[in-house]
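Q: using only what follows, build the 3D model:
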Amino acid sequence: MHQQTVEKRNSPNITRFLIPRLLLLQQAWVDAQVSPSGTVQLRAFSDSSITAGLAGMLISALSGLTPQEILDLDPASFLPSLGLGPAVLTPSRTHGLANLFETIKRRTRLLVSQLPRFPSLVISRDSVQAEGVFAEVQAQYLQPDQQQVQQLGSLLKEKKIGVVAHFYMDPQVQGVLSAAAESWPHIHISDSLVMADAAVSMAKAGCTSIAVLGVDFMSENVRAILDEAGLHHVKVYRMAAADIGCSLAEAAESQQYLGYLEQAGATPNSLHVVYINTSLRTKATAHSLVPTITCTSSNVVQTVLQAFAQVPEATVWYGPDTYMGCNLAQLFRQLSELSDEAIQQLHPAHTAATVSALLPRLKHYTAGTCIVHHIFGGETCELVRKGYNDAYLTAHFEVPGEMFTLAMEAKARDMGVVGSTSNILDFIAGKVSAALQQPYGDRLRFVLGTEAGMITSIVRKVQGLLRSVGRDDLEVEIVFPVNPSAITTSQQQVSAGPAELPTGITVVPGPASGEGCSLEGGCASCPYMKMNTLTALMTVAQRIGDPAGEAMLEGFKPRAYADRIDGKTLAQVGCIPILHMRHFTQHKMFSSGLVEDIRGRHRVE
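A: Coordinates of the predicted model:
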């Protein structure tokens, strides 16, 4: 059975919910039962007098209502109706009261319905417990085979091979890599932003080859940045001779996206903000048509704000990720409704008026999606809202609008984060660190709204924090919100293997016998990333340094482009948007060359 985030205290009828950031981080106990008359009866207790009083007011207002009446209440209108003024409801108490209300609603749902359970991993100081088949698969390789670790570490060290890998790698690969990094420091697991920078550092430290575990645009970026740094002699290898694709990058190479760029190029003062998850061909083609800067999910908001700060008359064209573009537009609409002071904490050059003014000139592409993040929409989000809205919600900027909205609502209560994989990892670490400052035990629950491969880095980070202070009374539950149509239930018979149709076609079950993928389209694990296997890495590493072996690795090198644009190689032009982003990252402003290009490329005479 799935373990609830509960403990018993004194009375067997009182259930303790350890609610994060509840009213100055105090603890509260809540009990919900349905009376014979069909109404909900609530009880609450707290180890803080103020918390107990506020919780008591909430309980008094809700007890006696039917389950549906409680579920229909909107916290935005209900909580102010309690009549508690700002002297009582400080910002932290307001967040806590809202979180307690969400917990009561969740308990009420459990009284009247059986919600499907998402798989999860419960992380403690020295163990990881899996609930659900999909979670069991993720946990399988968190304790890597030490013989594999030693073999890989020795081979990389002997041949001076650096490894850069994305967070979305398969847990088996990440587990071995993370352990091998303890003996060979030139192994780096991160989001795509810093993979190329890490490769440069490895090359300068003496690595003569770089193995890239990711999709093809990542290895292309590594090759281009190494060349830009003058490190042409350092070899770069992918993990397969076949294309390691990306649905999002492929969308940016379509004729439809080319038309979008041509429209941008025909508009004066335009800037194309292109997601880094695209090929060098896309970046080069784009920059040849319209001034272009790359971005990541962690810096896209600042990139757009900076563009309008330095070129107020600009039109910004974001692409190709449709979900991120929609989320960006929604975020900026919300920003326009904040106070000038709140906006200037995000960017000092902007006010509510300037954000409102830029909205009509912030464009986004409408036909590009990532097959992983597509899963986090529709019915999946409805289950998150009903069953997990009192948990911390994390969402990658690429998720559909439903999950983005949920996470933004949680963020307003200090219970959520929207951003890159690194942002999500930092958020989880921050909440765990804050909980470790308290003298009592707890279980923190996080809904992971991004690719499941991140779990290896999360487990290592969380257990490292717990071990650093010697605490064994804090647990962290990571929930995988896979689509309910793909969750294995007790009524389903789990297939032992492939099934064969009468036509002779073999049907292979999805991850973990169907768990983890969505009938809407999308999986919690990227099928392209899974082409980067441990076997492939060992094979590539063994062939490096041997002339015959390296001849067999020709197809494993990043794509080489023979095309030229205005006398420059396609790779050189494709590097320009990346270098613009690197300048912005280092100097917190666009280069004068980029600003001049925006204003002068298509000047109206």
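Q: all strands for the stretch 151-300 of the chain, in order.
A: With DSSP state E, counting those that start in this stretch applied, the stretch 151-300 of the chain shows strands at 161-166, 187-190, 209-213, 235-237, 270-275, 292-295, listed in chain order.
Q: turn the ones you listed into TSV, columns for distance to Asp145 and mean neighbour count.
A: No exception for glycine: its C-beta is placed from N, CA and C like everyone else's. Conversion of those to TSV gives the following (distance: least, C-beta to C-beta, whole Å; neighbours: other C-beta atoms under 10 Å):
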stretch	distance to Asp145	mean neighbour count
strand 161-166	17	26
strand 187-190	17	21
strand 209-213	18	27
strand 235-237	23	23
strand 270-275	36	26
strand 292-295	38	28
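Q: which one of those has the poorest average confidence?
A: Looking at those, the lowest mean pLDDT belongs to strand 187-190 (a mean of 90).
Q: to the chain's geometric centre, what's the distance from that strand?
A: For strand 187-190, the distance between its averaged C-alpha position and the chain's averaged C-alpha position is 16 Å (C-alpha atoms, centre = their mean, to the nearest Å).
Q: for it, packing partners?
A: Here strand 187-190 touches strand 161-166, helix 171-180, helix 192-204, going by 3 or more C-beta pairs under 8 Å, 6 or more residues apart in numbering; DSSP states H and E.
Q: re the thing from before, for the strands of the stretch 151-300 of the chain, which one sits closest to Ile544?
A: Within the strands of the stretch 151-300 of the chain, the stretch nearest Ile544 is strand 209-213; the backing value is 5.2 Å (C-beta to C-beta).
Q: run the angle between the closest one and helix 171-180 for me.
A: For strand 209-213 against helix 171-180, the angle between stretch directions is 140 degrees (axes from the mean of the first three to the mean of the last three C-alpha atoms, to 10 degrees).
Q: got the contact list for strand 209-213?
A: The set of residues that contact strand 209-213 without belonging to it, under C-beta atoms under 8 Å, 6 or more residues apart in numbering, is 159-166, 169, 173, 177, 195, 199, 202-203, 218-219, 222, 226, 234-239, 532, 537, 540-541, 544, 558.
Q: need the longest helix for the protein.
A: With DSSP state H applied, the helix covering the greatest number of residues in the chain is identified as helix 91-112.
Q: what packs against it?
A: Using 3+ C-beta pairs under 8 Å, 6+ apart as the contact criterion, the neighbours of helix 91-112 among helices and strands are strand 28-34, strand 40-46, helix 49-62, helix 67-72, helix 75-78, helix 379-388.
Q: tabulate the CA atom coordinates of the shortest one in PDB.
A: In this case it means helix 75-78. What follows is helix 75-78 as a C-alpha-only set of coordinates in PDB (Å, rounded to 0.1, in the frame of the first residue of the first chain):
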ATOM      1  CA  PRO A  75      -9.400  29.400  -1.300                       C
ATOM      2  CA  ALA A  76      -9.000  32.800  -3.000                       C
ATOM      3  CA  SER A  77     -12.500  33.900  -1.800                       C
ATOM      4  CA  PHE A  78     -13.000  31.600   1.200                       C
END
